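A.B. asks: Provide a 3D model corresponding to the input given below.
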Amino acid sequence: MTESVDIKILLTGGGSGGHVYPLLAVAEELKKLAVDEKLVLEFDYLGPHDAYAALLEKENINVKTIFTGKLRRYLSIQNIFDIPKFFLGLLQALFAVWWIMPDVIFSKGGTGALPVVIAGWFYMVPVIIHESDAKPGLTNLLSSWFSKRVAVSFEAAQRYFNPKKTALVGVPVRKSVFSGNVDQAVAKEALGFDAKRPLVLVLGGSQGSTRINEFIITNLENILKESQVLHQAGSVNFGDTERIGQFIVKGLPLEVAKKTRYRVAQYLEVGEMANALGAADLIICRAGSSTIFEAAAFGKPMILIPLEEAANDHQRVNAYEFARGGGGIVIEEANLLPGLFMTQLRTILGNPQKLTQMSAASQKFYKPGAAEAIAQEIWRMAQ
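C.D. replies: Numbering: from 1, shown residues only. Here you go, the predicted model:
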């Protein structure tokens, strides 16, 4: 016999892990509330068909897809194809939301979210949206007109939304991110590194950053003189990155190679990523909001290299917003030169006091309890 459902939550948002992982973090907290209240909760997801659907289904979230068209603030030949897709997606969303009839819709923005938000507004379903970046995307700016509540991660983002319905909460971070070893030395050893030497963690993302990967490999010999390196390179050109990296390590002078550890991975599983964040002394990464907040949760100093082609230039804005607090430095791609990079790397790793100050600033930037706060608000709206 099928168990009757007390509350239905519809999730939407997509295009990247930065949209999907916060949805999972909030869903995790909502499940806890449902257990405490002895209520049956049902989750549905409505959005674009992408590689993250399997992650949602793994968490018992029913996945339904719609056509999606990217919203642009500029003229493009692609608008000819995407505008019809948007309206087709809106029609699909109107039927899907009517069929599901959720109690609340939670949107993370991104591709495909706006049709779902508009459909929810049409059926008078309360909508709450979350904006991860310091400079909001067009989808969330438009979605805010149809929403009851807006949650933001960066203080700078508040000015873009109606202050009466906006709250600063931070980025929802999955509990699994904190499942690693708390002790830094133990975490280093768990990953196969020397506990007494500095460790630089390079995060290239799931697909990988060709620019960062090439730069790290080109300068690997000098970097390894200063620290150990755990390099998460992503799927793009992983084979070449691994092969060249190992070739460089083997060619190092014996006295350097003996105290050198370099490891490259295409992807870090949940447990490994938790250990990696705990083990790192310094993180080199892009400036996506989820990456920044997950690293800041561990109080890690960062060298941020924002993606130049990021929509709405949001990564550059994120990077400088974080760096303003003292937890990191920003090197834009145009300035990513060996001399400047190595100077910054030596300045940070060679100065324990500076490293401690940056770590404290990074930890201060993190806002704990974001997933819980959003889940509580969704729960209140669903009653």
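
A.B. asks: need the contact list for residue 137.
C.D. replies: Residues in contact with residue 137 (CB atoms under 8 Å, 6 or more residues apart in numbering) are 109-110, 131, 311-312, 314. Quick note: C-beta positions are derived from backbone N, CA and C, even for glycine.

A.B. asks: would CSV of those with distance to residue 54 and pLDDT be doable?
C.D. replies: What follows is the contacts of residue 137, written out as CSV (distance: CB to CB, whole Å; pLDDT from 0 to 100):
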residue, distance to residue 54, pLDDT
109, 21, 93
110, 18, 87
131, 26, 97
311, 24, 74
312, 28, 78
314, 26, 91
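
A.B. asks: correct me if wrong: residue 314 contacts residue 139.
C.D. replies: No: using CB atoms under 8 Å, residue 314 is not in contact with residue 139, being 12.0 Å away.

A.B. asks: quick revisit: show me the two of the contacts of residue 137 that sit farthest apart.
C.D. replies: Spanning the widest gap among the contacts of residue 137 are 131 and 311, at 13.0 Å by CB to CB.

A.B. asks: which of those two has more residues huddled nearby?
C.D. replies: Neighbour count, other CB atoms under 10 Å: between residue 131 and residue 311, residue 131 has more, with 29 against 18.

A.B. asks: could you give the bridge partners of the more buried one?
C.D. replies: Beta-bridge partners for residue 131, by DSSP bridges, are residue 152.

A.B. asks: give the contact list for the nearest residue to residue 362 once chain neighbours are set aside.
C.D. replies: Nearest residue to residue 362, sequence neighbours excluded (CB to CB, 6 or more residues apart in numbering): residue 327, at 3.3 Å. By CB under 8 Å, 6+ apart, the residues touching residue 327 are 296, 301-302, 358-359, 361-365.

A.B. asks: can you tell me which of these end up in helices?
C.D. replies: In this view, the contacts of residue 327 that belong to helices under DSSP state H are 296, 358-359, 361-365.

A.B. asks: make a markdown table out of those and add distance to residue 203.
C.D. replies: Formatted as a markdown table, the ones in helices among the contacts of residue 327 follow (distance: CB to CB, whole Å):
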| residue | distance to residue 203 |
| --- | --- |
| 296 | 13 |
| 358 | 17 |
| 359 | 17 |
| 361 | 19 |
| 362 | 14 |
| 363 | 18 |
| 364 | 21 |
| 365 | 17 |
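
A.B. asks: phi first, then psi, for residue 330.
C.D. replies: Per-residue torsions, residue 330: phi -110, psi 130 (degrees, to the nearest 10).
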